[in-house]
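> Provide a 3D model corresponding to the input given below.
(chains A and B)
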Amino acid sequence: MQLRQKLFAALAALVAGGANAAGLNVGVEIPKLDVAEYHRPYVAVWVERPDNSVATNLAVWYQQKGGKDAATGKQEHGSKWLADLRQWWRRSGRSASLPIDGVSGATRPAGVHTLNFDDKQPQLAALKPGKYALVVEAAREVGGRELVRIPFDWPPAQAQHADTKGETEIGKVSIDLAP
Amino acid sequence: MKALRPLAVLALGLFAAAAAHAHKSWLLPSATVLTQDQWITVDAAVSNDLFYFNHVPLRLDNLEITAPDGSAPAPENPFTGKFRSSFDLHLDKPGTYKLALVNSGLFASYELNGEKKRWRGKAEDLAKDIPADAKNVEITQSAGRVETFATAGAPNDTALKLTGKGLELLPLTHPNDLFAGEAAKFRFLLDGRPAADLAVEIVPGGSRWRNAQNEIALKTDKNGEISVTWPAAGMYWLEAALQDKNVTVPRATSRRASYVATFEVLAP
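Down below sits the predicted model:
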């Protein structure tokens, strides 16, 4: 009994310790599109300051160097088209050295993709308290381009959820903050 | 970059004269904001409509390209056809490239044996070509630049440095960081000094498909500066020109200085 209590206390401390690390979880839905020629979109996810400067990059999905074009099988250097994510390119991409460690990744299929971060991770470790916005931008070859924003405060005072929806290239975008 | 050839100067002089009246000279890059190590292709033409090559080409003999490190790369696959010239450029260095057609020349009008004559050419040919007994000799010096800009990766300012000669534009807002709904500031300098009270005209591309030019008419302030808030995304053509008495050729009585640039404005 005593042992069990001790174990429980230890577990509780562990859980509490985990909860003490502020967390930011992002959900990005890539919509399924019924189009004649579909290519997976390039997507950038970042945290923006009120002056539109980039506080931290969370993810950039693009066709990696040496990847094969789905339609032709030809080798393509996919980073060429990163400038099509024009806000991300302007605010961050053009001065970044690619690939960005822990941020660059391959394009993803239609569906909901989640990204989980806590304040111990490099993406959030340097995020000063203040007002921010989560930004998701998507650009699709022979398709469209869209950008959505969700404002939030960091660090969160309490658990919070917010979401929004794009109209064409981006489905539902959600943000979950844990204090 | 290349030595001036008299014929080229002659042709450019002609075009400069044409531009003074109605036609628009321009360089049109295939892209202006790119990732590193890409290629662009550029058209050069003179036309009424923007940006359609339907009149005459702009010759490439006086093309000066400045790379982000200040070097002068050569264009590739240059060609001049019926309506346009074209060339390719490898943006193999990260940063901003300036592409400029820099022309200079002289026009003269005079009377010989009661007959009116016109002449275009270079300063060194003036004495040889215009007879000593010519009367009412009027010589105008012309100097013009037709420019555009492209950036691979992060923009930089090395290629944006001015020569201090003729009419030039100093971009206070980077020319490859222009967005619809945002204001851009440019400063005009004449021989390196602010060109105050200068009329500047900006015309959006796509003029073939609308009834009006939709020009934005501006005037520089005492610092030679203008501010323009881009109404929409697209390619824009900018021109400013002036006439003064600041000649460098001894017998010239006036100078015409002109500046043209093409800018791409992105959607936010």
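> switch to C-alpha atoms for all contacts and neighbour counts from now on
Fine.
> Counting by contacts, list what the helix or strand where residue A:151 lies packs against.
For residue A:151, the enclosing helix or strand under DSSP states H and E is strand A:145-154. Where contact means 3 or more C-alpha pairs under 8 Å, 6 or more residues apart in numbering or on different chains; DSSP states H and E, strand A:145-154 is packed against strand A:130-139, strand A:160-165.
> looking at these, which is closest to chain B?
Between chain B and the helices and strands packed on strand A:145-154, the tightest spacing by C-alpha to the nearest C-alpha is seen for strand A:130-139, at 11.6 Å.
> Tell me how far the closest one lies from the chain's centre.
How far strand A:130-139 lies from its chain's middle: 9 Å, per C-alpha atoms, centre = their mean, to the nearest Å.
> before we move on, what about stretch B:56-68?
Relative to the centre of its chain, stretch B:56-68 is centred 10 Å away, using C-alpha atoms, centre = their mean.
> How about stretch B:188-197?
Taking mean C-alpha positions (C-alpha atoms, centre = their mean), stretch B:188-197 and its chain are 16 Å apart.
> go on, stretch B:176-193?
That offset, for stretch B:176-193, works out to 15 Å (C-alpha atoms, centre = their mean).
> Break down the chain into its helices, ranges please.
Just going to use chain A. A:2-20, A:86-91, A:122-125 (DSSP state H).
> if you could check chain B rather than the one you did, that'd help
B:6-21, B:126-129.
> can you list the weak-confidence ranges in chain A?
A:1-20, A:65-77 (pLDDT under 70).
> what residues are up against whichever residue of it sits closest to chain B?
Closest residue of chain A to chain B, C-alpha to the nearest C-alpha: residue A:94 (4.4 Å). The contact partners of residue A:94, by C-alpha atoms under 8 Å, 6 or more residues apart in numbering or on different chains, come to A:83, B:35, B:152, B:153, B:154.
> Just those residues: which are in strands?
Among the contacts of residue A:94, the members falling in strands (DSSP state E) are residue B:152.
> Please tabulate the contacts of residue A:94 in TSV, including the columns distance to residue B:175.
Listed next are the contacts of residue A:94 as TSV, based on distance: C-alpha to C-alpha, whole Å:
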residue	distance to residue B:175
A:83	16
B:35	16
B:152	13
B:153	14
B:154	12
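> Which one of the contacts of residue A:94 sits in the busiest neighbourhood?
Neighbour counts for the contacts of residue A:94 (other C-alpha atoms under 10 Å in any protein chain shown) peak at residue B:152, which has 27 neighbours.
> Which strand residues bridge that residue?
Counting by DSSP bridges, residue B:152 forms beta bridges with residue B:34, residue B:95.
> Would you quantify the distance from it to residue B:208?
30 Å (C-alpha to C-alpha, to the nearest Å).
> Likewise for residue B:133?
According to C-alpha to C-alpha, residue B:133 stands 49 Å off from residue B:208.
> likewise residue A:97?
Distance of residue A:97 to residue B:208, given as C-alpha to C-alpha: 41 Å.
> quick revisit: widest-spaced pair of the contacts of residue A:94?
Within the contacts of residue A:94, A:83 and B:154 form the most distant pair, 11.0 Å apart (C-alpha to C-alpha).
> if we can go back for a sec, just the helices and strands packed on strand A:145-154: most buried one?
Ranked by mean neighbour count, the helices and strands packed on strand A:145-154 are led by strand A:130-139 with a mean of 21 (mean count of other C-alpha atoms under 10 Å in any protein chain shown).
> for the closest residue to residue B:78 other than its chain neighbours, which residues make a bridge with it?
In space, residue B:78 comes closest to residue B:87 once its chain neighbours are excluded; the distance is 4.2 Å by C-alpha to C-alpha, 6 or more residues apart in numbering or on different chains. Counting by DSSP bridges, residue B:87 forms beta bridges with residue B:42.
> which bits of chain B sit near chain A?
For chain B, the contact set with chain A under C-alpha under 8 Å from any C-alpha of the partner chain comprises B:33, B:34, B:35, B:36, B:38, B:152, B:153, B:154, B:177, B:268.
> List the contacts of the fourth one.
Neighbouring residues of residue B:36 by C-alpha under 8 Å, 6+ apart: A:80, B:91, B:92, B:93, B:94, B:152, B:153.
> Kindly indicate which of these lies nearest residue B:139.
Out of the contacts of residue B:36, the member with the shortest distance to residue B:139 (by C-alpha to C-alpha) is residue B:91, at 40.7 Å.
> can you give me the strands for the stretch 101-250 of chain B?
Secondary structure of the stretch 101-250 of chain B by DSSP state E, counting those that start in this stretch: the strands cover B:115-121, B:135-152, B:167-171, B:183-190, B:193-194, B:199-204, B:216-219, B:225-229, B:234-244.
> Adding distance to residue B:58, write those out as a markdown table.
Formatted as a markdown table, the strands of the stretch 101-250 of chain B follow (distance: least, C-alpha to C-alpha, whole Å):
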| stretch | distance to residue B:58 |
| --- | --- |
| strand B:115-121 | 17 |
| strand B:135-152 | 10 |
| strand B:167-171 | 19 |
| strand B:183-190 | 24 |
| strand B:193-194 | 28 |
| strand B:199-204 | 19 |
| strand B:216-219 | 25 |
| strand B:225-229 | 27 |
| strand B:234-244 | 15 |
